[in-house]
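Peer 1: Sharing a sequence plus its predicted fold:
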Amino acid sequence: MAADAAARRRRRFLMVFDFDETLANESSDDAVVRAAPGGQQLPDWLRAQYREGRYNEHMQRVMAWLGQQGATEDAVRAEIQNIPETPGLAALLDFLRAHADDFECVVMSDANAYFIEAWLEHTGARQLFLEIFTNPAHFDAASGRLVLAPFHAHACPRCPDNMCKQRILRDFLEARRSGRSGHQERSGGHQEHQEHQERSDGHQEHQERSDGHQERSERSGGHQEHQEHQERSDGHQERSERSGGHQEHQERSDGHQERSDGHRERAYERVFYVGDGANDVCPCLALETQDVAFARRDFPMHRLLTADDTHDTHTHTHTHTHTHTRTAATVQPWSSGHDVVQYLQRALEER
């Protein structure tokens with residue numbers, strides 16, 4: 001029926017991107033160390049303080065050390081902006097811009113908001129992304145350093161303590177399915193989303209800002225965007241406040257998608273997840289058979305998703321211990337953004 005075809009066309013494809021070594025061709029956490037004056041390297045005592053599953057805490061100490069060495073905000077931003085794009089990324093982003101009616105794009109990254117915003121704005125790609133899910137960060141003028149915070153608390157055994165991407169993806173898909181759009185627009189037409197997920201013993205904390213005031217969603221050019229807060233505390237309902245005094249309610253229980261039945265309509269026709277690292281495996285376990293996990297060839301995500309799961313093996317990474325688990329989605333290796341473009345072109349033709 002024509003109505004069914006029109007409804008299907010309205011259900012866009014979702015593109016989910018990791019950041020480090022997926023969009024940017026280097027880990028931003030490695031690149032920022034070059035901001036240290038005099039070409040200093042991280043001292044051994046600082047490296048030795050790292051604990052598995054607590055990489056966000058480690059980077060908080062790294063940024064504090066950089067501030068103590070006199071690394072300026074300009075130097076930090078410059079090193080992040082100098083990270084090159086992954087091969088073929090420009091072609092992929094151009095393709096997504098040309099098919100904006102078919103694709104919605106988000107970033108899910110264990111980097112931080114300051115790095116990702118700086119890099120995307122520098123490359124001119126910021127407006128393409130509906131949401132950025134990452135660890136809160138801001139440059140504190142008083143201390144002269146970048147201040148980081150964890151994204152949220154969770155109980156997933158596969159993921160680092162500060163972020164479970166599967167929980168984020170499930171929550172986002174449920175919010176979109178329910179008609180809740182969670183992104184904020186800057187003045188001038190730029191989209192911005194800063195999630196506040198800091199926790200202390202289950203209590204909500206507010207993201208710090210250099211001016212101490214919360215940014216509010218603005219409207220420009222007739223486009224409406226909403227800011228969605230995914231703050232949770234042990235499954236209790238929290239509210240995301242919006243300008244105009246309107247409230248939306250978002251209930252969660254340990255990051256699992258709530259359902260009244262098992263046959264709800266999907267938020268998107270298909271989900272395409274593009275990543276490279278071990279922490280990109282967990283969100284792919286939420287994908288379904290029509291979805292695709294684009295795993296960067298010969299990187300940890302690719303090795304884990306294509307590993308022989310007849311063996312009881314574990315892979316230790318700097319973020320967590322990962323048990324090999326299969327995804328229901330198609331696993332598609334990529335070495336260049338051109339590989340992803342070719343697949344997406346076929347998906348549009350077969351739609």
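Peer 2: Perfect, I can see it now.
Peer 1: rest of the way, CA atoms for contacts and neighbours
Peer 2: Will do.
Peer 1: List the buried residues in the stretch of helix or strand residue 95 belongs to.
Peer 2: Using DSSP states H and E, residue 95 falls within helix 89-98. Under the neighbour-count criterion of 16 or more other CA atoms under 10 Å, helix 89-98 has 89, 90, 92, 93, 95, 96, 97 buried.
Peer 1: How about stretch 291-308?
Peer 2: By neighbour count with 16+ other CA under 10 Å, stretch 291-308 contains the buried residues 291-297, 299-306.
Peer 1: related to what we said a few turns ago, show me what the helix holding residue 95 is packed against.
Peer 2: helix 337-350 (3 or more CA pairs under 8 Å, 6 or more residues apart in numbering; DSSP states H and E).
Peer 1: so what secondary structure elements neighbour the helix it packs on?
Peer 2: On a contact count with 3+ CA pairs under 8 Å, 6+ apart, helix 337-350 meets helix 89-98.
Peer 1: angle of the helix it packs on against helix 337-350?
Peer 2: Using axes from the mean of the first three to the mean of the last three CA atoms, to 10 degrees, the inter-axis angle of helix 89-98 relative to helix 337-350 is 30 degrees.
Peer 1: what's in contact with whichever helix or strand comes after the helix holding residue 95?
Peer 2: Sequence order places strand 103-112 as the next helix or strand after helix 89-98, per DSSP H and E. Here strand 103-112 makes contact (CA atoms under 8 Å, 6 or more residues apart in numbering) with 12-20, 28-29, 56, 96, 128-137, 148, 163, 165.
Peer 1: And the helix or strand just after strand 103-112, what's buried?
Peer 2: Proceeding N to C from strand 103-112, the next assigned helix or strand is helix 113-123, under DSSP H and E. Neighbour counts over helix 113-123 (16+ other CA under 10 Å) mark 113, 114, 115, 116, 117, 118, 119, 120 as buried.
Peer 1: Report the separation between the first one and residue 64.
Peer 2: Pointing back at residue 113 there. Applying CA to CA, to the nearest Å, the value for residue 113 to residue 64 is 17 Å.
Peer 1: closest to residue 280 among the buried residues of helix 113-123?
Peer 2: The closest of the buried residues of helix 113-123 to residue 280 turns out to be residue 116 (CA to CA; 16.9 Å).
Peer 1: Tell me who's in contact with the closest one.
Peer 2: For residue 116, the contact set (CA under 8 Å, 6+ apart) comprises residue 19.
Peer 1: ok, now residue 347?
Peer 2: Not one residue lies near residue 347 by CA under 8 Å, 6+ apart.
Peer 1: picking up where we left off before, narrow the buried residues of stretch 291-308 to those in strands?
Peer 2: Among the buried residues of stretch 291-308, the members found in strands (DSSP state E) are 292, 293, 294, 295, 296.
Peer 1: any chance of those in a markdown table, plus pLDDT and distance to residue 40?
Peer 2: Shown next, in a markdown table, are these (pLDDT from 0 to 100; distance: CA to CA, whole Å):
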| residue | pLDDT | distance to residue 40 |
| --- | --- | --- |
| 292 | 98 | 42 |
| 293 | 98 | 38 |
| 294 | 98 | 36 |
| 295 | 98 | 34 |
| 296 | 98 | 31 |
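Peer 1: Just give the closest residue to residue 156, not the sequence neighbours.
Peer 2: With CA to CA, 6 or more residues apart in numbering as the criterion, residue 156 has its nearest non-adjacent residue at 6.7 Å, and that residue is residue 164.
Peer 1: For residue 29, what is the enclosing helix or strand?
Peer 2: Assessed by DSSP H and E, residue 29 sits inside helix 28-31.
Peer 1: For that helix, output the C-alpha coordinates as PDB.
Peer 2: The C-alpha trace of helix 28-31 is given here as PDB (Å, rounded to 0.1, in the frame of the first residue of the first chain):
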ATOM      1  CA  SER A  28      42.500  11.600  20.900                       C
ATOM      2  CA  ASP A  29      43.800  10.500  24.300                       C
ATOM      3  CA  ASP A  30      47.200   9.800  22.700                       C
ATOM      4  CA  ALA A  31      47.200  12.900  20.600                       C
END
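Peer 1: What lies in contact with it?
Peer 2: For helix 28-31, contacts defined as CA under 8 Å, 6+ apart pick out 20, 59, 79, 80, 83, 111, 115.
Peer 1: ok, and for that helix, which residues are buried?
Peer 2: Residues 28, 29, 31 are the ones in helix 28-31 that count as buried (16+ other CA under 10 Å).
Peer 1: and what of stretch 128-146?
Peer 2: By 16+ other CA under 10 Å, the buried positions in stretch 128-146 come out as 128-140, 144-146.
Peer 1: Now residue 75. Nearest residue, chain neighbours left out?
Peer 2: Per CA to CA, 6+ apart, closest to residue 75 is residue 35, 5.3 Å.
Peer 1: check contacts around the one you found.
Peer 2: Counted by CA under 8 Å, 6+ apart, residue 35 has contacts 66, 71, 72, 75, 76, 79.
Peer 1: Equivalent analysis for residue 286, please.
Peer 2: By CA under 8 Å, 6+ apart, the contact list for residue 286 reads 166, 169, 170, 327.
Peer 1: Quick check: which element contains the first one?
Peer 2: The one in question is residue 166. In the assignment (DSSP H and E), residue 166 maps to helix 165-177.
Peer 1: Would you mark the buried spots in that helix?
Peer 2: Within helix 165-177, the residues that count as buried by 16+ other CA under 10 Å are 165, 166, 167, 168, 169, 170, 171, 172, 173, 174, 175, 177.
Peer 1: Fine by me, we can end here.
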